[in-house]
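Asks: Fold the following, please.
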Amino acid sequence: MKKLVLATAFVAAASAASAGNMSDPIIEAPVIVDQTAGSSGGMAIPLLLLIAVAAAVAN
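Replies: This next block holds a predicted model:
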């Protein structure tokens, strides 16, 4: 009975010791997001709306 317990302990220790692999870890590069918005991007729609209202008032 002691030999069976001892053999089981050796098998458990051997499997736990070789559980990992020796390959290099995979490290992903960080994602960089560029926000490319023009300086007049927010002004075009209100400017066109103002021109449309001014044209409607002029008629």
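Asks: okay, CA-based contacts and neighbour counts for the rest of this
Replies: Noted.
Asks: mind showing which ranges of this structure have poor pLDDT?
Replies: In the prediction, the chain carries residues with pLDDT under 70 at positions 13-22, 37-41.
Asks: can we see that at 80?
Replies: 10-25, 34-44, 59 (pLDDT under 80).
Asks: ranges for the helices of it?
Replies: Taking DSSP state H, the helices of the chain run over residues 2-17, 44-58.
Asks: which one of those lies closest to S23?
Replies: With C-alpha to C-alpha as the criterion, S23 lies closest to helix 2-17 of those, at 15.7 Å.
Asks: Pull up the gap between the spatially most central residue of the chain and K2, please.
Replies: Taking C-alpha atoms, centre = their mean as the criterion, V31 is the residue nearest the geometric centre of the chain, at 6.9 Å. Counting by C-alpha to C-alpha, to the nearest Å, the separation of V31 from K2 is 57 Å.
Asks: what does N59 give?
Replies: If you measure N59 against K2 using C-alpha to C-alpha, the figure is 106 Å.
Asks: Check L50 too.
Replies: 93 Å.
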